[in-house]
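Peer 1: sequence unavailable; structure follows:
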């Protein structure tokens with residue numbers, strides 16, 4: 001009986017060592033695949049095209065922001081100028097200025113909404 005226990009124990013040792021070898025082989029292949037994936041990602045991020053694409057997108061968004069803000073400011077300034085002109089011609093100070101300033105603001109907001117494309121999406 002003692003011999004059976006020794007054979008069984010040595011069989012478990014052989015099986016556990018073969019399991020460890022299989023596990024080591026799997027870990028090695030996993031490490032190799034992970035290093036290949038890391039290298040391919042590093043190559044993609046090192047390419048100059050992606051960085052310039054981000055810069056172009058950022059510049060395009062900034063240009064859109066400047067355009068929209070200038071349209072709003074232009075509407076307010078033109079409305080104020082027209083109101084000031086009417087006040088000078090008709091001597092109705094400050095009512096023409098106030099009315100046309102508000103109309104210029106509304107026109108500026110409408111232009112911004114139209115330029116941003118929000119109004120066309122609702123249709």
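Peer 2: Yep, that arrived. Quantities reported herein were computed from a predicted structural model and do not represent experimental measurements.

Peer 1: show me what the helix or strand in which residue 104 is found is packed against.
Peer 2: Using DSSP states H and E, residue 104 sits within helix 95-116. Under the contact criterion of 3 or more Cβ pairs under 8 Å, 6 or more residues apart in numbering; DSSP states H and E, helix 95-116 touches helix 48-90. C-beta coordinates here come from the backbone N, C-alpha and C atoms, glycine included.

Peer 1: what about residue 104, how many residues nearby?
Peer 2: 22 (other Cβ atoms under 10 Å).

Peer 1: ditto for residue 79
Peer 2: If we define neighbours as other Cβ under 10 Å, then residue 79 has 21 of them.

Peer 1: show me what contacts the residue lying closest to residue 82 once chain neighbours are set aside?
Peer 2: The shortest distance from residue 82 to any non-neighbouring residue, by Cβ to Cβ, 6 or more residues apart in numbering, is to residue 100 (4.7 Å). Shown in contact with residue 100 (Cβ atoms under 8 Å, 6 or more residues apart in numbering): 79, 80, 82, 83, 84, 86.
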